[in-house]
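1. Pasting a predicted model and its sequence here:
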Amino acid sequence: MTTDLRSLDDPAKRDGWPAGWGGWAAGVAVGVVVVLTAADLGQHYRIPVGAALALGVARGVGLALAWVRPVASVPVSLVVAAMVAVVSVPVSSDEAWPWPVTSVFGIAGGLAIVGARGASRRELGGWWVVTQLAGIVAMLMAPDRGSWPGLVTMAVFSAVAVVVGDLLRSRADTRRQLAAQEGITADERAERARWQERARIARELHDVVAHHLSVVVVRADSAPHRLAGLSDDVREEFAGIAVDARSSLTEMRRVLRLLREDATRPSAPGTSTSVVADVQARELGPQPGLGELEDLVAGTRRAGADVRLEAEVPAGLDPAVELNAYRVVQEAVSNAVRHAPKAVVQVAVRVIDGELRLTVVNGPALVGVPIAPGSGQGLIGMRERMALVDGTLHAGPTADGGYLVEAAIPIGEGADR
């Protein structure tokens, strides 16, 4: 009376003979029931051997139906049990009646299998009640063949079978739900990976390409003022370069908005280190760190900006911390140069109380100097980068009309100053 429980996970497979070792076990169980029923009835009850064998086969059929046609199994088993009770007479008062031992185990096993293969609690409970009523009717009709306490055995064993069958059905349903949930979770993980990849691409495009385009715009705009003796053609060429670079920036911002349309879930503070490692693993090629800040500032100065750097960069920082800190400083400097041309930009990097503090502040834009409009993508990218390393970011105007960007990244006390 064993079944292949894996076949219960799929409702379409619940009506049908078990596959694999479960099918062999079910066949052996049916054969054992046939033999034991015939032997039990032939030895302990006054019944012809042929009738005992026929009833054994009928009981085996009832059990086999528990796998092939679960709905018909219990009624058939009860009919066979009623026939056994009618034709069998115990050889002594010590023999059980109306429920011989094989009847008890045959019906109990059938109830357990039917329950495991999808019968509801109400159905199982109903068949249990019908079974007990059948025993009561038999005792009322032939009280001299058995005893009322003998009905307790069937009541207990069939009740246990009902509970076991319901537990097996619940287990199969739970496994099926877990499998479905795992499929949903896998889809969600894949979708999250796509969001993160789109956000990463947007950040890199904005932080790298947009930064250099901004420098091109500033250099092209300032060249006629920095370089003396330029002809009108050269001045016009520089103006055209500036216009083209601004157009490229505008188109890139459109692309960034498209990339971020589906990537609207930036990583929140407290993102696990596995996410940070995953993002780091996706970074291809050598990435800049805080050691390259001087080159960043020098390149911006060549474009005519007044950028001043005070850096106390500790050794031993996580590469993810260095990369994201560098990108935040790069974006903040680029914004300052673009939105406040000719203003002094001060950059400070320090370690205070176990945190890496980044500060970029610029004064107000000079009157009469054209200011490039912003898109807001820079601040989004900086906040996303700080979230990746459990950092915080604050940005806003200063009292004198300038702009301040402050970031803090926890690094503990392990970094060497």
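-> The structure has been received and is ready for your questions.
2. count of residues packed around residue 342?
-> Neighbour count of residue 342, defined by other CB atoms under 10 Å: 16. (Glycine included, C-beta is placed from N, CA and C.)
3. same deal with residue 393?
-> Using other CB under 10 Å: residue 393 sits among 19 other residues.
4. sec struct for it, please.
-> strand (DSSP: H, G, I helix; E, B strand; the rest coil).
5. OK, contacts around it?
-> By CB atoms under 8 Å, 6 or more residues apart in numbering, the contact set of residue 393 is 328, 382, 383, 386, 405, 406, 407.
6. May I ask which two of the residues you listed are separated the most?
-> 383 and 406 (12.4 Å; CB to CB).
7. Nearest spatial neighbour of residue 300, chain-adjacent residues omitted?
-> Nearest residue to residue 300, sequence neighbours excluded (CB to CB, 6 or more residues apart in numbering): residue 307, at 5.0 Å.
8. My guess is the one you found contacts residue 342. True?
-> No: applying CB atoms under 8 Å as the test, residue 307 and residue 342 come out as separate, 11.7 Å apart.
9. picking that back up, doesn't the residue nearest to residue 300 fall inside a strand?
-> Yes: assessed with three-state DSSP, residue 307 lies in a strand.
10. ok, it to residue 290 distance?
-> Distance of residue 307 to residue 290, computed by CB to CB, to the nearest Å: 15 Å.
11. and if you look at residue 237?
-> 37 Å.
12. Can you pick out the residue with more neighbours from the two?
-> Neighbours per residue (other CB under 10 Å) separate residue 237 from residue 290, with residue 290 holding more: 21 against 14.
13. Just confirm that one contacts residue 324, I think it does.
-> No: Residue 290 is not in contact with residue 324 according to CB under 8 Å; the separation is 10.4 Å.
14. Report the set of residues contacting both of these two.
-> Contacts common to residue 290 and residue 324, judged by CB under 8 Å, 6+ apart, are absent.
15. And for residue 356, nearest residue in space, chain neighbours not counted?
-> According to CB to CB, 6+ apart, the nearest residue to residue 356 is residue 409 (4.4 Å).
16. Quick check: the one you found is in a strand.
-> Yes: judged by three-state DSSP, residue 409 forms part of a strand.
17. In terms of pLDDT, where does it sit?
-> Here the pLDDT value assigned to residue 409 is 94.
18. Can you name the residues that contact it?
-> With contacts defined as CB under 8 Å, 6+ apart, the neighbours of residue 409 are 321, 324, 325, 355, 356, 358, 386, 389, 390, 391.
19. quick one: which of the residues you listed sit in strands?
-> Among the contacts of residue 409, the members found in strands (DSSP state E) are 355, 356, 358.
20. helix or strand for residue 33, which one?
-> Here residue 33 sits within helix 21-44, counting by DSSP states H and E.
21. Low-confidence ranges, this protein, go.
-> For the chain, the stretches with pLDDT under 70 are 1-15, 260-286, 366-375, 413-417.
22. Spell out the residue ranges of the strands in it.
-> Going by DSSP E, the chain shows strands at 306-311, 344-352, 355-362, 392-397, 403-410.
23. Could you dump the ones you listed into TSV with distance to residue 117 added?
-> As requested, the strands of the chain are exported to TSV (distance: least, CB to CB, whole Å):
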stretch	distance to residue 117
strand 306-311	72
strand 344-352	66
strand 355-362	62
strand 392-397	57
strand 403-410	56
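24. Relative to residue 98, tell me which of these wins on proximity.
-> Among the strands of the chain, strand 403-410 comes nearest to residue 98, with 77.5 Å by CB to CB.
25. Okay, the residue nearest to residue 300 and residue 183: tell me how far apart.
-> Distance of residue 307 to residue 183, given as CB to CB: 53 Å.
26. Those two: who's more crowded?
-> residue 307 (20 against 10).
27. Please tell me how far that one sits from residue 298.
-> From residue 307 to residue 298 the distance is 9 Å (CB to CB).
28. Repeat that for residue 28.
-> For residue 28 relative to residue 298 (CB to CB), the value is 84 Å.
29. And this structure, what are its domain boundaries?
-> Domains of the chain are assigned by automatic domain parsing as 5-183, 193-410.
30. Report the beta-bridge partner residues of residue 396.
-> residue 404 (DSSP bridges).
31. returning to that earlier point: top of the ones in strands among the contacts of residue 409 by neighbour count?
-> So for the ones in strands among the contacts of residue 409 (other CB under 10 Å), the most neighbours sit at residue 358, 27 neighbours.
32. so what's that one bridging to?
-> Under the criterion DSSP bridges, residue 358 forms beta bridges with residue 349, residue 407.
33. so how far is residue 226 from residue 343?
-> Taking CB to CB, one finds residue 343 at 17 Å from residue 226.
34. Show me which of those two is the more surrounded one.
-> Using other CB under 10 Å, the more surrounded residue of residue 343 and residue 226 is residue 343, with 20 against 12.
35. Spatially, what comes nearest to that one if we skip its sequence neighbours?
-> The nearest residue in space to residue 343 (CB to CB, 6+ apart) is residue 363, at 4.3 Å.
36. Same check on residue 221?
-> residue 242 (5.1 Å).
37. My understanding was that that neighbour contacts residue 217; is that so?
-> Yes: between residue 242 and residue 217 there is a contact at 5.4 Å, judged by CB under 8 Å.
38. who's in contact with residue 343?
-> 306, 336, 362, 363, 364, 365, 366, 402.
39. swap the cut-off to 6 Å and go again
-> Going by CB atoms under 6 Å, 6 or more residues apart in numbering, residue 343 touches 362, 363, 365.
40. Also residue 345?
-> 307, 336, 362.
41. at 8 Å what do you get?
-> 300, 305, 306, 307, 308, 333, 336, 337, 360, 361, 362.
42. Only whichever of the residues you listed are buried, select them in PyMOL.
-> Applied in PyMOL, the following selects the buried portion of these according to 16 or more other CB atoms under 10 Å:
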select buried, resi 300+305+307+333+336+337+360+361+362
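43. Kindly indicate which of the contacts of residue 345 lies nearest residue 314.
-> Closest to residue 314, out of all of the contacts of residue 345 and judged by CB to CB, is residue 360, at 18.6 Å.
44. Please name the residues that touch residue 223.
-> Contacts of residue 223 (CB under 8 Å, 6+ apart): 230, 238.
45. between residue 242 and residue 217, who's got more neighbours?
-> residue 217 (23 against 19).
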